[in-house]
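S.K.: everything below, folded, please.
(2 chains)
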Amino acid sequence: MSQVRVRFAPSPTGYLHVGGLRTALYNYLFARKHQGTFILRIEDTDRTRLVEGAVENLIDTLRWAGLEFDEGPGKGGPDAPYVQSERLPIYREHAERLLRERKAYYAFDTPEELEEMRKRQEKMRIPPKYDRRALKLTAAEVELKLASGIPAVVRMKVPETETVAFDDIIRGRVEFSSDRLDDQVLLKSDGYPTYHLANVVDDHLMGITHVIRGEEWLSSTPKHVLLYRYLGWEIPQFAHLPLLLNPDRSKLSKRQGDVAVEDYRAKGFFPEALVNFVALLGWNPGDEREIFSLQDLVREFSLERVGKSGAVFNLEKLHWMNTEYLRRRSNEDLVTLLRPKLAAAGLEGFSDSYLMQVVGLMKERVNSVEEFLTFSSYFFRDPGSYDEASRKKNWTAETSTVLRDVAQGLDALAPCTATGIEEVVRVAAAKRGISAGKVIHPLRLALTGVALGPGLFELMAVLGKETCVRRIESAIARFG
RNA sequence: GGCCUUAUCGUCUAACGGUUCAGGACGCAGCCCUCUCAAGGCUGAAAUACGGGUUCGAUUCCCGUUAAGGCUACCA
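M.R.: Numbering: from 1, shown residues only, chains lettered A, B, ... in the order given. Okay, the predicted model is just below:
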């Protein structure tokens, strides 16, 4: 196999889609696996859909995910520029070549005329397709229209009846009959190319060996094959990836949940977890391993093991995956990640050793760094409210009396250790002749405001006795 | 409507004609552990869309049906 060159070619319409992330990932893995080159190319040929800052966002998100590209915008490379809007003359040149060779032709139809034509065809129940009225124009008529500045497009001339076939790495041989193919617009009236022209021209000029992209492109591939043939170019290998799906099995869309990688990033998912998760949507190693670092994936990946059917983007498994990665992080790492989130919530001034203890207690109970705050805010501030169900169930007539005993016992406790605290609590319970549980549950409520969390004595040792006593007193003041 | 693609537990998937009561994972249920919640351990329910072939033998190959999805733009 000659030197592998692959590309990820998103259009900058705002954010990186998780489906795009997987496409980028598979391209990246394939390139690295074969010591090839991974190229980022920006397909910004639709001026109406441009979004400010989208390219920077795309690059930033790719970097976050760990997918470094070798050539692309901002990075340069032998085939620069890698932004299609900066390559307009190249597309025009090739369009003109096709024009000269009569493999393409000018058309001057207005959007209204095309719309009308489509409606008529629909009514007659025939497949909507350009009727080639522009081909009836004489050379002189075309010249005249061009000269007078009437908006013109260049359309490719698809052969009447011919079988267009190609071999897809994932799907095998796929055949189309050319009479079903439309005379695709190649160059728009604003001078920009359509995807089809720009894509084929760039893939050839950039020496792309494998086109790895989503299945939504499968139907337009015969047009691309025809274009390669018209231009006399070698056809790259195609690999059309199965789609990522909504729970209802339609193509993954914004309507049914988060599709932007940055949404998951903002929610605190680890890049390794998201990457690992999407890698397994359509690909598997053939055995029962599921946790893979990017390096592992590079080693194991192959297009041959990519499946054919669409995969539902299953949030629950992503959560599990993220939890797996969280458990694997060191407590030090987690403290480092937690600190800025605390600061953002206006919670500062905690020592590393304090946060290390919090992380130690909560690590097995949270699924993301965010959850250290949402599930255990009581480590960082006194409870603002108390779980009502737990209060009703656990706060009895004798509670305040026994908690006062506990507070007193804590005051007297010299080294405030978990075992020492446990002793205090059990002694207080014994003194009033009640079970330890009768103390533990209301005590937890008084200290944390909630009914769940880590072992109470460890938790109290971390909070420290001043905080514990203060919270006990304020709960007693509140509930009597 | 036309063209193309796809079809194993709810979901992600394994089994590339034969040591398969169809394996694993997520999720779910139960039990154990236990001061709660988790974690952990154990157990369980849960699938080859349907109908024809081919074959000694089909989840696996072929055909049809059905269903789902994609495409059908001067969007990518």
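S.K.: can you point out the buried residues in stretch A:277-291?
M.R.: Residues A:Phe277, A:Val278, A:Ala279, A:Leu280, A:Leu281, A:Gly282, A:Trp283, A:Pro285 are the ones in stretch A:277-291 that count as buried (16 or more other CB atoms under 10 Å). Placement of C-beta: from N, CA and C, glycine included.
S.K.: restricted to helices, list these.
M.R.: A:Phe277, A:Val278, A:Ala279 (DSSP state H).
S.K.: so what's the gap between stretch A:199-219 and the chain middle?
M.R.: The chain centroid and the centroid of stretch A:199-219 are separated by 22 Å, computed with CA atoms, centre = their mean, to the nearest Å.
S.K.: what does stretch A:360-378 give?
M.R.: On the basis of CA atoms, centre = their mean, stretch A:360-378 sits 23 Å off its chain's mean C-alpha point.
S.K.: mind listing what the nearest residue to A:Asn394 once chain neighbours are set aside touches?
M.R.: Excluding the flanking residues, the one nearest A:Asn394 by CB to CB, 6 or more residues apart in numbering is A:His441, at 4.0 Å. Contacts for A:His441 were tallied using CB atoms under 8 Å, 6 or more residues apart in numbering; they are A:Ser390, A:Lys393, A:Asn394, A:Ala451.
S.K.: whichever of those end up buried, select them in ChimeraX.
M.R.: Only the buried entries of those go into this ChimeraX selection, using 16+ other CB under 10 Å:
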select /A:390,394
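S.K.: give me the subset of the contacts of A:His441 touching RNA strand B.
M.R.: Checking the contacts of A:His441 against RNA strand B by CB under 7 Å from any atom of the strand, the ones in range are A:Ala451.
S.K.: from the contacts of A:His441, which ones fall inside helices?
M.R.: By the criterion of DSSP H, membership of the contacts of A:His441 in helices covers A:Ser390, A:Lys393, A:Asn394.
S.K.: show me what contacts the second one?
M.R.: Read it as A:Lys393. A:His441.
S.K.: and it, how close does it get to A:Phe479?
M.R.: Distance, A:Lys393 to A:Phe479, by CB to CB, to the nearest Å: 13 Å.
S.K.: ok, A:Ala446 next?
M.R.: A:Ala446 sits 8 Å away from A:Phe479, going by CB to CB.
S.K.: okay, and the common contacts of the two?
M.R.: Joint contacts of A:Ala446 and A:Phe479 (CB under 8 Å, 6+ apart) are A:Tyr386.
S.K.: compare the two (neighbour count), which wins?
M.R.: Legend: neighbour count by other CB atoms under 10 Å for A:Ala446 and A:Phe479, higher for A:Ala446 (27 against 15).
S.K.: with adjacent residues omitted, what lies nearest to that one?
M.R.: That would be A:Ala475: by CB to CB, 6+ apart, it lies 3.5 Å from A:Ala446.
S.K.: looks to me like that neighbour is in a helix.
M.R.: Yes. Secondary structure of A:Ala475 (DSSP: H, G, I helix; E, B strand; the rest coil): part of a helix.
S.K.: around RNA strand B, pick out the residues from the stretch 201-350 of chain A.
M.R.: Residues of the stretch 201-350 of chain A lying near RNA strand B (CB under 7 Å from any atom of the strand): A:215-220, A:242-243, A:245, A:248-251, A:280-282, A:284, A:286, A:288, A:290, A:305, A:307-312, A:314, A:316-317, A:319-320.
S.K.: quick check on those residues: which are buried?
M.R.: A:Glu215, A:Trp217, A:Leu218, A:Pro242, A:Leu243, A:Leu245, A:Leu280, A:Leu281, A:Gly282, A:Gly310, A:Ala311, A:His319.
S.K.: what residues are up against the fifth one?
M.R.: If I follow you right, that is A:Leu243. Counting by CB under 8 Å, 6+ apart, A:Leu243 has contacts A:Gly19, A:Gly214, A:Glu215, A:Glu216, A:Lys251, A:Leu252, A:Gly310, A:Ala311.
S.K.: quick one: it from A:Gly19, how far?
M.R.: For A:Leu243, the distance to A:Gly19 - CB to CB - is 7 Å.
S.K.: now do the shared contacts for the two.
M.R.: Counting by CB under 8 Å, 6+ apart, the residues touching both A:Leu243 and A:Gly19 are A:Gly214, A:Leu252.
S.K.: tally of neighbours for A:Asn199?
M.R.: 25.
S.K.: surely it is in contact with A:His224?
M.R.: Yes. The pair A:Asn199 / A:His224 is scored as a contact, 6.8 Å apart, by CB atoms under 8 Å.
S.K.: find the residues that touch each one of the two.
M.R.: Joint contacts of A:Asn199 and A:His224 (CB under 8 Å, 6+ apart) do not exist.
S.K.: where do the helices of the stretch 251-400 of chain A begin and end?
M.R.: Taking DSSP state H, counting those that start in this stretch, the helices of the stretch 251-400 of chain A run over residues A:261-266, A:271-279, A:294-300, A:315-328, A:331-344, A:352-362, A:370-375, A:388-394, A:399-412.
S.K.: and the buried residues of stretch A:277-291 as TSV, adding pLDDT?
M.R.: Shown next, in TSV, are the buried residues of stretch A:277-291 (pLDDT from 0 to 100):
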residue	pLDDT
A:Phe277	97
A:Val278	97
A:Ala279	98
A:Leu280	97
A:Leu281	97
A:Gly282	95
A:Trp283	97
A:Pro285	95
